[in-house]
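Sequence and predicted model, in that order:
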Amino acid sequence: MTLGIETSCDETSAAVVEAGEKVLSNVISTQIPVHRRYGGVVPEIASRQHVEAIVPVVETALQDAQIGWDDLSHIAVTAGPGLVGALLVGLSYAKALAYSLSLPLVGVNHLEGHIYANFLAHQVQLPLLCLVVSGGHTDLIYMPDHGQYESLGHTLDDAAGEAFDKIARALGLPYPGGPEIERLAREGNPQAFGFPRAWLEPDSFNFSFSGLKSAVLNELHRFEQKGCSVPVADVAASFQEAVVEVLVAKAVAAAQAKEVPILYVAGGVAANGYLRTSLTQVAAEHGIEVRFPPLRLCTDNAAMIAAAGYHYWRAGKFAGLDLNAVANLPLTNWK
Ligand code: KG4
Ligand code: ZN
């Protein structure tokens, strides 16, 4: 059984997963209420919160799974990317546990963790194609086998979730902005504003959201200068429409290019209901099925880290006690 530990951003999480696919427990202690008053994650506060939460969160994960320390076969921990001070808390604790329990330690990339959330929800056949959309990433990743990653495209500037958070902040909505924009957008007109879509060069699977962000901020300034109140729901709906349209078109085009029958989606933005329905609909028109993790496994959690870690363990890819936290850890092949 794998013990997974995740502390890369503002969730302290620990999970017990059997054979990389069966979640026995998945405890998530979120810091969102603490960071909300600052409008975003404050790294130093995140580290301190992780220090307070890590021991009870891990103990609860074992209790919920109704297992003891002896039942664990290895420990998987997020080594990056993320906030370095936050990562270090989970990493140091995982190393101390691995040392004291004489268990193998594996270091997991947070991004591959998001992809592996799908293994907890579906019978996944490799190769797979996954659209990873989170607060830190917007990537189209092709995975021929466990531990092998081919990047088809990535964002050249802001991540999709980051754009949601920044626009929400400009609209005076609380952190995190994604769910708030989604909620408001339901009451707005997605065609009210023709915000730009960055398609980039033809056939490119890269993304760019900074032009869209600037266009929305400029629109908000125009309302401010005229002294008019902002039609917040229309702005939210038009912004969401612009993000989702590009994500959907590029993800479906990538699935066609790779000739995969199923497209997987992962990361916090995969919780967005409008993305889920649009992508499912458009992909179906091209004979492609779309699969998402359940909402709780889209945003940060340790079960996904344990699911990925299990495959490192099976392949004997253990980390030493010198494993370090790397803020911008790239997703590299380990097999
Ligand atoms: O995967 P995640 O929990 O953390 C990172 O690895 O970044 O993703 C968090 C991001 C935030 O930017 C948040 O606003 C976004 O996911 N998010 C959403 C929704 N729920 C979370 N974005 C759009 N719609 C949502 N429903
Ligand atoms: Zn994440």
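Alright, I've got the coordinates. Ligands and ions are numbered 1, 2, ... in the order given.

Count residues in the vicinity of the closest residue to P174 other than its chain neighbours, would you?
In space, and not counting its chain neighbours, P174 is closest to R36: 5.3 Å by C-beta to C-beta, 6 or more residues apart in numbering. Just so you know, the C-beta spots here come from the backbone N, C-alpha and C atoms, and that holds for glycine as well. Neighbours of R36 under the rule other C-beta atoms under 10 Å: 13.

Start at 58, not 1
Okay, using 58 as the starting number, the last item reads as R93.

where along the stretch 158-307 of the chain do the helices fall?
167-173, 217-227, 234-242, 267-283, 289-315 (DSSP state H, counting those that start in this stretch).

Most tightly packed of those?
Of these, the one with the most neighbours on average (mean count of other C-beta atoms under 10 Å) is helix 167-173, at a mean of 28.

How about that helix and ligand 2, touching?
No. Applying C-beta under 5 Å from the ion, one finds helix 167-173 separated from ligand 2 by no less than 5.6 Å.

Could you list the domains of this protein?
59-172+354-371, 182-349 (automatic domain parsing).

which residue does the stretch 58-207 of the chain bring closest to ligand 2?
Nearest to ligand 2, among the residues of the stretch 58-207 of the chain, is S191, at 4.4 Å (C-beta to the ion).

That residue and L168, how far apart?
8 Å (C-beta to C-beta, to the nearest Å).

coming back round to it: any chance of the helices of the stretch 158-307 of the chain in TSV, plus mean pLDDT and distance to P259?
Listed next are the helices of the stretch 158-307 of the chain as TSV, based on pLDDT from 0 to 100; distance: least, C-beta to C-beta, whole Å:
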stretch	mean pLDDT	distance to P259
helix 167-173	98	27
helix 217-227	97	21
helix 234-242	97	29
helix 267-283	97	17
helix 289-315	98	10
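
got a list of what the closest residue to ligand 1 within the stretch 108-257 of the chain touches?
The stretch 108-257 of the chain approaches ligand 1 most closely through G235 (2.1 Å), counting by C-beta to the nearest ligand atom. By C-beta atoms under 8 Å, 6 or more residues apart in numbering, the contact list for G235 reads 218, 221-222, 225, 325-326, 328-329.

JSON lines please, covering those and showing distance to ligand 2.
Below are the contacts of G235 laid out as JSON lines (distance: C-beta to the ion, whole Å):
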{"residue": "G218", "distance to ligand 2": "8"}
{"residue": "F221", "distance to ligand 2": "14"}
{"residue": "D222", "distance to ligand 2": "13"}
{"residue": "A225", "distance to ligand 2": "17"}
{"residue": "G325", "distance to ligand 2": "6"}
{"residue": "V326", "distance to ligand 2": "10"}
{"residue": "A328", "distance to ligand 2": "11"}
{"residue": "N329", "distance to ligand 2": "14"}
